[in-house]
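Asks: build the 3D model from these lines:
(2 chains)
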Amino acid sequence: MPHETCRIAVVMPAYNEASNLPHVLKRLREVAQDATGCLVDAIVVDDHSSDDTAAVARANGAVVLTMPFNFGAWTAAQTGLRYAFRHGYDLAVTMDSDGQHLPESLGDIVGPVRAGEADVVIGACVDRASPARRIAWRYLRLLSGLDIADLTSGFRAYSRRAVAIVASRAATGFDYQDVGLLLLLRRRRMRVVERNVAMAPRRDGKSRVFASWWHVARYMAVSSVLSASKRNRRKHAS
Amino acid sequence: VTIDWMLKSLLAGLGIAFGLGMMYLVRRDRLHGSYGVWWIVMSIAILTFGIFPGLIDWIGAWLGVG
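Replies: Below is the predicted model:
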């Protein structure tokens, strides 16, 4: 049991994840405190699911925030991050509720933030990407000038300062939580680092962003416009 | 320099300026990324039809309205 008073909010956007949540929340309860040395609260943001995501999350000890419409993963995550900011958490972590991100890895991504070495730590798992996704990442890296290997990972730890930025209006309305958000963090001079973590295959269901070719095309178009528009004028490290 | 050439470069310049303007608005958070995409598609259309006005007739014929 932790003796320190640090408190972490683990924010999990969830859309029809009633079947995956019990396992994820159970693992979180079992390992999160030992992995991080902090008190950990699970904040499940139910993105207007049509199954019993909210009830299941509540029954498994999570704080549940319910969205009135289906807003998409980033807006749901931002809702949870705003909750974390308002309730004075020292740190916030965003994590998928489908079991892809492992609570065992929390220590790895929380560590650099607690040590004051970084404002944002991305749990990166480049190995999971298909060749097509790797090409897409390389292209967006080149276009945006972001020096981040795993652009799309939603497994991230944010310091309180970083939470204040991503919870602010400047971060509202992004379609996705990757390029736009990372460029905003760079502009605000947040130190963003990556830590390699293992990820599990999805237990059930499939990706919301890469659901169809139409979604992929839209994602690439929006990300390209953001990357090219918000690119740094001067070339320097993020 | 023919009038045709002048018109084409004017329209091409307009398309480029339009696209750059949209990117500036996205950069300053005055235009949402996904709307930015559509406006930039429009600027590419201005550029393309400006340089190759014959394309309109070709598409018209293809659609059967030419």
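
Asks: who's in contact with stretch B:37-51?
Replies: Under the criterion CB atoms under 8 Å, 6 or more residues apart in numbering or on different chains, residues A:218, A:221-222, A:225, B:8, B:10-12, B:14-16, B:18-19, B:22-23, B:31, B:55-56 lie in contact with stretch B:37-51. Backbone N, C-alpha and C define where each C-beta goes, glycine included.

Asks: what residues are up against A:Ile148?
Replies: Taking CB under 8 Å, 6+ apart, we find A:Ile148 in contact with A:Ile122, A:Ala124, A:Arg141, A:Leu182, A:Val192, A:Glu194, A:Ser238.

Asks: only alpha carbons, please: show stretch A:215-225 as PDB.
Replies: As requested, the backbone C-alpha atoms of stretch A:215-225 are provided in PDB (Å, rounded to 0.1, in the frame of the first residue of the first chain):
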ATOM      1  CA  HIS A 215     -12.400   6.500 -41.600                       C
ATOM      2  CA  VAL A 216      -8.800   6.000 -42.500                       C
ATOM      3  CA  ALA A 217      -9.000   8.500 -45.400                       C
ATOM      4  CA  ARG A 218     -10.700  11.100 -43.200                       C
ATOM      5  CA  TYR A 219      -8.200  10.600 -40.400                       C
ATOM      6  CA  MET A 220      -5.200  11.000 -42.800                       C
ATOM      7  CA  ALA A 221      -6.700  14.100 -44.500                       C
ATOM      8  CA  VAL A 222      -7.500  15.800 -41.200                       C
ATOM      9  CA  SER A 223      -4.100  14.900 -39.700                       C
ATOM     10  CA  SER A 224      -2.300  16.000 -42.800                       C
ATOM     11  CA  VAL A 225      -3.900  19.400 -42.700                       C
END
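
Asks: so does it get close to chain B?
Replies: Yes: for a cut-off given as CB under 8 Å from any CB of the partner chain, stretch A:215-225 has contacts with chain B, namely A:Arg218, A:Ala221, A:Val222, A:Val225.

Asks: who wins for neighbours among those?
Replies: A:Val225 (28 neighbours; other CB atoms under 10 Å in any protein chain shown).

Asks: assign it to helix, strand or coil.
Replies: Classification of A:Val225 by DSSP: H, G, I helix; E, B strand; the rest coil places it in helix.

Asks: find the nearest non-adjacent residue to it, please.
Replies: The shortest distance from A:Val225 to any residue other than its chain neighbours is 4.6 Å, reached at B:Gly36 (CB to CB, 6 or more residues apart in numbering or on different chains).

Asks: report the buried residues of the helix or strand containing the one you found.
Replies: Taking DSSP states H and E as the criterion, B:Gly36 maps to helix B:33-51. For helix B:33-51, a neighbour-count test (16 or more other CB atoms under 10 Å in any protein chain shown) marks B:Gly33, B:Ser34, B:Gly36, B:Val37, B:Trp39, B:Ile40, B:Ser43, B:Ile46, B:Leu47, B:Gly50 as buried.

Asks: please, which helix or strand holds A:Val44?
Replies: Under the assignment given by DSSP H and E, the secondary-structure element containing A:Val44 is strand A:39-46.

Asks: and A:Asn16, by the same measure?
Replies: Secondary-structure assignment from DSSP H and E places A:Asn16 in no helical or strand segment.

Asks: about what we covered before: now, which of the contacts of stretch B:37-51 lie within helices?
Replies: Secondary-structure check on the contacts of stretch B:37-51 using DSSP state H: residues within helices are A:218, A:221-222, A:225, B:8, B:10-12, B:14-16, B:18-19, B:22-23, B:55-56.

Asks: quick one, which of those are buried?
Replies: Of all the ones in helices among the contacts of stretch B:37-51 considered here, the ones buried according to neighbour count by 16+ other CB under 10 Å are A:Arg218, A:Ala221, A:Val222, A:Val225, B:Leu11, B:Gly15, B:Phe18, B:Gly19, B:Met22, B:Met23.

Asks: just give the number of residues close to the residue of chain A found nearest chain B.
Replies: Distances between chain A and chain B by CB to the nearest CB are smallest at A:Ser229, namely 4.0 Å. Taking other CB under 10 Å as the neighbour definition, A:Ser229 ends up with a count of 23.

Asks: let me know the pLDDT of residue 44.
Replies: No chain in the question, so chain A it is. A:Val44 is assigned a predicted lDDT (pLDDT) of 97.

Asks: right idea, wrong chain: chain B
Replies: According to the predicted model, the pLDDT of B:Ile44 comes to 94.

Asks: ok, the one 10 residues further on next?
Replies: In the prediction, the pLDDT value recorded for B:Gly54 is 90.

Asks: equivalent analysis for A:Arg128, please.
Replies: In this prediction A:Arg128 is given a pLDDT of 81.

Asks: give me every residue that touches the closest residue to it other than its chain neighbours.
Replies: Among residues not flanking A:Arg128 along the chain, A:Met199 sits closest, at 5.4 Å (CB to CB, 6+ apart). Applying CB under 8 Å, 6+ apart, we find A:Met199 in contact with A:Gln100, A:His101, A:Leu102, A:Gly123, A:Cys125, A:Arg128, A:Phe155.
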